[in-house]
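Asker: compute the structure for the input listed below.
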Amino acid sequence: MTTGSPLRLLTMFTLPALAGNLLNQVYSITDSIIVGRYLGQTSLAAIGVTMPVVLLTAAMVIGLNVGVGILLSQAFGRKDIGQMRHTFANSFYLAIIIAVFTTGVGLPLTVPILKLMGTPAAPMAEAAAYMHINFATTIFPLLYYLFNNAFRGMGDSMTALWCLIVSVVINVFLDILFVAVFGWGVPGSAWATAIAQALSVVFSAIMLYRRFPEMRLKRDDFRFDRPLLGDITKLAVPIAVQTGFNNLGNVVVQSCINGFGEAVMAAYTAASRLGTLSLMPAETLGSSMSVYAGQNFGAGRLGRIRRGVKASWQLNVIISVILGGVLLVFGKSFIGLFLKDPGPEVATAAYRFLLFAAVPGILNGIMCIYQQTLRGVGKATQAVIGGFMQLGAKVLVALLGARVFLQLDVVWLAWPISFVAGTVFPFLIYRRMFRGVPDEEPDSAP
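Answerer: The predicted structure follows:
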C-alpha cells in the first residue's frame with residue numbers, strides 16, 4: 001500500500017474484509033428476523049436482551065484469536081511451519097480453558113445477570129434459555145476462529161471467507177428448520193447457531209488439511225509449551241480487556257433500554273441489527289486504514305498517510321450518505337422484516353433509533369478513521385483513550401436519558417454523541433503528529 005492511488009487501494013482492500021464482516025452479521029440478523037416473524041415481539045425482545053452479554057463473552061474469543069493470529073503470522077513469515085503447527089496445537093489448550101471457564105461461570109449467573117439488567121418477566125425465560133445454550137457451546141466459536149486465523153496467518157483469506165459462507169448458509173437453514181418447522185422457539189435459534197458453528201469447524205479443519213498438508217498436526221505439536229501460552233496470553237489479554245469493557249458498556253445501555261418495556265426492547269433489537277449493518281462499512285474502512293497507515297508509516301511516507309486519510313474521508317462520505325439515505329426513506333419498511341405486524345410503539349421507537357443513531361453514520365466513520373490511523377502509526381494507547389471516551393459518553397448519555405430525563409430519544413442520542421466524543425482526542429493527536437507534513441509525495445519515494 002506504499003504506492004498507487006490511496007483511494008483505489010483502500011477500496012480494493014476494504015471490499016473483501018467487508019464481505020466477511022457482513023456475512024458475520026447475517027447470524028444475528030437471521031436469528032432476529034426468523035424469531036420475530038415466527039415467534040413474535042416477546043421472543044424478539046428475549047433475543048435482543050442477550051446480545052450485550054453474548055458479545056461480552058465474545059471478547060475472550062476475539063482476544064485469544066488475535067493473539068494466536070499474530071504468532072501464526074510471525075511464524076509463517078519466518079517460514080517456520082513447525083512452529084506454526086506447535087502454536088496452533090497449543091492454542092487448543094487455551095480454547096478449552098476459556099470454554100470451561102465461560103460455561104462454568106455463565107450458566108449459574110445467567111438469571112442474576114438478566115435480572116440485574118432489568119429484564120422484564122415476559123421475555124426472561126426465553127432469554128435465559130438462549131444464554132444457557134450460548135454459554136454451553138462457547139467452544140464452537142472458539143475453535144472456528146482458531147481455524148479462521150490459521151488461514152489468514154498463511155495469507156489465504158478466501159478460504160476463510162468460504163468457511164464463513166458455509167457456516168452462514170447452515171445457520172439460515174437450521175434457523176428456519178428449528179424455529180419455523182419444528183417449533184423449538186428461541187432455544188431452537190440458539191441451537192441453530194451452535195450447530196452451524198460446529199459444522200463449520202469440521203469443514204474448516206478439512207479445508208486446512210487439504211490446502212495446507214504441512215499443517216496436519218502431529219503428536220509432538222501438542223507438547224504443552226508454557227512460555228508459548230504466555231506469549232499468546234500477553235497478546236490476547238489487552239485486546240480482550242478493551243473489547244470486554246466496550247461490551248460491558250453495551251450491557252449498561254441495554255439495561256437502560258429494558259426499563260422502557262418489552263415493546264421498546266423488541267424495537268431496539270430490530271433497529272440495532274439494521275444500524276449495525278449500516279455502520280459496518282465505515283468501520284471496516286477504518287480497519288483498512290490502520291493497515292494502510294502502518295505500511296506507509298513503516299516506509300516513512302507520512303504524506304501518503306495524509307492522502308489516505310483524505311481518501312478514506314471521501315469513501316466514508318459516499319458510503320454514509322447512501323446508507324443513511326436508505327434508512328431515512330425505507331427504515332420503517334425494514335422493521336417489517338422482523339415482525340409481521342409491528343405496533344405503532346415498536347415501529348416508532350425503531351425508526352427513531354435509526355434516525356438518531358444510524359442515519360448520522362458519517363460521524364462513526366470519522367471516528368474510526370482517526371482511531372485506526374493512530375493504531376497504524378503506533379499510537380495504540382491514544383486510540384484506546386479515544387475508545388474509552390466514546391464508551392464513557394455513550395453510557396453517561398444513556399443513563400441520563402433513562403434515569404434522569406426519562407426520554408427514549410435522549411438514550412438514542414448516546415450514539416452520535418459517543419461518536420463525537422471518541423473522535424476528539426484521536427483527531428488532536430493526529431493533527432499534532434502530522435502538522436507540517438505535505439499532503440503529496442511522489443509514489444516513487446522510498
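Asker: ranges for the helices of the stretch 151-300 of the chain?
Answerer: 157-175, 185-211, 226-258, 262-298 (DSSP state H, counting those that start in this stretch).
Asker: what does the shortest one contact?
Answerer: Residues outside helix 157-175 that contact it (CB atoms under 8 Å, 6 or more residues apart in numbering) are 16, 19-20, 23-24, 26-27, 30-31, 34, 144, 147-148, 151-152, 188-189, 191-193, 195-197, 199-200, 203-204, 207-208, 211. No exception for glycine: its C-beta is placed from N, CA and C like everyone else's.
Asker: let me see the mean pLDDT of it.
Answerer: Mean pLDDT, taken over the full extent of helix 157-175, equals 85.
Asker: may I have that helix as CSV, with CA atoms only?
Answerer: Extracted C-alpha coordinates of helix 157-175, given in CSV (Å, rounded to 0.1, in the frame of the first residue of the first chain):
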residue,chain,number,x,y,z
SER,A,157,-8.3,-15.0,3.2
MET,A,158,-10.6,-16.5,0.5
THR,A,159,-10.7,-20.0,2.1
ALA,A,160,-11.6,-18.3,5.5
LEU,A,161,-14.4,-16.5,3.7
TRP,A,162,-15.7,-19.7,2.2
CYS,A,163,-15.7,-21.4,5.6
LEU,A,164,-17.8,-18.4,6.9
ILE,A,165,-20.2,-18.7,4.0
VAL,A,166,-20.7,-22.4,4.8
SER,A,167,-21.5,-21.5,8.4
VAL,A,168,-24.0,-18.8,7.4
VAL,A,169,-25.9,-21.0,5.0
ILE,A,170,-26.2,-23.8,7.5
ASN,A,171,-27.3,-21.3,10.2
VAL,A,172,-30.0,-19.9,8.0
PHE,A,173,-31.3,-23.4,7.1
LEU,A,174,-31.3,-24.6,10.7
ASP,A,175,-32.9,-21.5,12.0
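Asker: tell me which residues of it are tucked away?
Answerer: 159-161, 163-164, 166-168, 170-172, 174-175 (16 or more other CB atoms under 10 Å).
Asker: distance from that helix to the middle of the chain?
Answerer: Remark: helix 157-175 is offset 17 Å from the chain centroid, using CA atoms, centre = their mean, to the nearest Å.
Asker: what angle do it and helix 185-211 make?
Answerer: 150 degrees (axes from the mean of the first three to the mean of the last three CA atoms, to 10 degrees).
Asker: repeat for the last one
Answerer: Helix 262-298 runs at 20 degrees relative to helix 185-211, counting by the same axes, to 10 degrees.
Asker: how many other residues sit next to the spatially closest residue to Gln390 that is not a sequence neighbour?
Answerer: Take Gln390 and drop its neighbours on the chain: the residue closest to it by CB to CB, 6 or more residues apart in numbering is Gly422, 2.8 Å away. Applying other CB atoms under 10 Å, we find 28 residues neighbouring Gly422.
Asker: correct me, but Gly422 touches Gly392?
Answerer: No: with contact defined as CB atoms under 8 Å, Gly422 does not count as touching Gly392 (9.4 Å).
Asker: on contacts alone, who are the packing partners of the helix or strand containing Pro141?
Answerer: Assignment of secondary structure by DSSP states H and E places Pro141 within helix 139-153. Where contact means 3 or more CB pairs under 8 Å, 6 or more residues apart in numbering; DSSP states H and E, helix 139-153 is packed against helix 41-77, helix 81-116, helix 157-175, helix 185-211.
Asker: how far does the last one sit from its chain's centre?
Answerer: Going back to what we said before, that points to helix 185-211. 19 Å.
Asker: give me the buried positions along that helix.
Answerer: 185-186, 188-201, 203-205, 207-208.
Asker: go ahead and confirm Phe379 touches Met433.
Answerer: Quick fix: residue 379 reads Lys, not Phe. Yes: counting by CB under 8 Å, Lys379 touches Met433, with 7.4 Å between them.
Asker: more neighbours: these two, which one.
Answerer: Using other CB under 10 Å as the criterion, Lys379 and Met433 rank with Lys379 on top: 20 against 15.
Asker: where's the more buried one relative to Ala393, distance?
Answerer: 21 Å (CB to CB, to the nearest Å).
Asker: the helices and strands packed on helix 139-153: lowest mean pLDDT?
Answerer: Among the helices and strands packed on helix 139-153, helix 41-77 scores lowest, at a mean of 74.
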